[in-house]
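In: need coordinates for the below:
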Amino acid sequence: MSTIFRYLVRMGLPALAGALVWGITWPWRLSRRKRKGKVAGPYREGALLFLFMFLSGLLWLTLTPPDLEYFLQTGRWLYPPGVPFQGGINLVPIVESVRLFQFYLEKGMWSAILVNFPGNIIMFMPVGLFAGLLGDKPRWWKGTGYAFTLSLFIELSQLFVARGTDVDDLLLNTLGGFAGYGVFLLTQWAAPYFVQRCKEM
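Out: Numbers count the residues shown, from 1 in each chain. Presented below is the predicted three-dimensional model:
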């Protein structure tokens with residue numbers, strides 16, 4: 001659990017940067033929706049605030065070099081910056097993940113199991129959830145497609161920041177987007193007023 005907590009802490013400051021971007025762009029969003037005869041109410045803006053914060057934290061977590069903290073402490077890089085393909089590439093689905101899972105299981109590395117498997121799903125659930133909350137016409141394939149596109153962008157970008165590029169991460173992240181849409185459906189059933197106010201068309 002300490003590993004998961006460290007990830008959340010690392011997302012904190014970038015999330016605040018996302019909140020700043022949300023604040024700076026608020027007047028533009030307000031005028032744009034007014035021109036379209038729509039409302040930018042507090043529920044919708046609140047959902048957008050959390051979306052901005054989530055995306056900023058996620059991109060920081062996944063696109064910064066893995067040795068950034070080491071560099072800040074020592075002034076030296078473990079991986080030479082600007083050199084692509086240092087993190088490894090896995091283009092064969094499932095096989096490597098099964099091996100990795102077995103290794104973690106044998107070593108009792110439960111935090112690594114949580115981060116690499118359910119963590120990769122849970123991390124992208126907000127994409128499907130926010131796609132439903134903020135979309136004009138929510139559909140399961142939209143949230144899933146957004147998650148796939150964002151994950152693909154991250155995996156390709158990780159080729160250049162010494163992080164591993166893994167097709168299984170893409171699959172798990174996409175599944176997270178699908179699961180997030182399921183959370184949206186539950187929210188719509190449990191709190192239809194809240195969902196309606198988030199749209200405020």
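In: list phi and psi for residue 87.
Out: The phi/psi pair for residue 87 (degrees, to the nearest 10) reads phi -90, psi 0.
In: typo on my end, residue 67
Out: phi -100, psi 20.
In: give me the number of residues near the residue lying closest to it once chain neighbours are set aside?
Out: Spatial nearest neighbour of residue 67, excluding adjacent residues (CB to CB, 6 or more residues apart in numbering): residue 78 at 3.9 Å. (Each C-beta comes from the backbone N, C-alpha and C, glycine too.) If you count neighbours by other CB atoms under 10 Å, residue 78 ends up with 13.
In: and residue 78, helix, strand or coil?
Out: coil (DSSP: H, G, I helix; E, B strand; the rest coil).
In: ok, the closest residue to residue 65 other than its chain neighbours to residue 121 distance?
Out: Among residues not flanking residue 65 along the chain, residue 161 sits closest, at 5.0 Å (CB to CB, 6+ apart). With distances taken as CB to CB, to the nearest Å, residue 161 is found 22 Å from residue 121.
In: residue 94 too?
Out: For residue 94, the distance to residue 121 - CB to CB - is 15 Å.
In: which of these two has more neighbours?
Out: Higher neighbour count among residue 94 and residue 121: residue 121, with 19 against 10, using other CB under 10 Å.
In: so the more buried one sits against residue 176, correct?
Out: Yes. Here residue 121 reaches residue 176: they are 4.2 Å apart, a contact under CB atoms under 8 Å.
In: once you drop chain neighbours, what's closest to residue 82?
Out: Nearest to residue 82 is residue 160, by CB to CB, 6+ apart, at 7.8 Å.
In: can you count the residues close to the one you found?
Out: 17.
In: do the one 4 residues further on as well
Out: Using other CB under 10 Å, residue 164 has 15 neighbouring residues.
In: that one: what's it in contact with?
Out: Residues in contact with residue 164 (CB atoms under 8 Å, 6 or more residues apart in numbering) are 87-90, 158.
In: do that again at 6 Å, thanks
Out: Listed by CB atoms under 6 Å, 6 or more residues apart in numbering, the contact partners of residue 164 are 87-88.
In: phi, psi of it?
Out: Torsion angles at residue 164 (phi, psi; degrees, to the nearest 10) stand at phi -70, psi 140.
In: let me know the pLDDT of it.
Out: Looking at residue 164, its pLDDT stands at 89.
In: what are the buried residues along stretch 155-166?
Out: Neighbour-count burial for stretch 155-166 flags 155, 158-163, 165-166 (criterion: 16 or more other CB atoms under 10 Å).
In: quick one: the residue nearest to residue 65 and residue 67 touch, right?
Out: No. The pair residue 161 and residue 67 does not pass the contact test of CB atoms under 6 Å, sitting 9.8 Å apart.
In: following element in sequence after the helix ranked longest in the chain, please.
Out: The residue-count maximum for a helix in the chain (DSSP state H) belongs to helix 2-35. Downstream of helix 2-35, the next assigned helix or strand under DSSP states H and E is helix 42-63.
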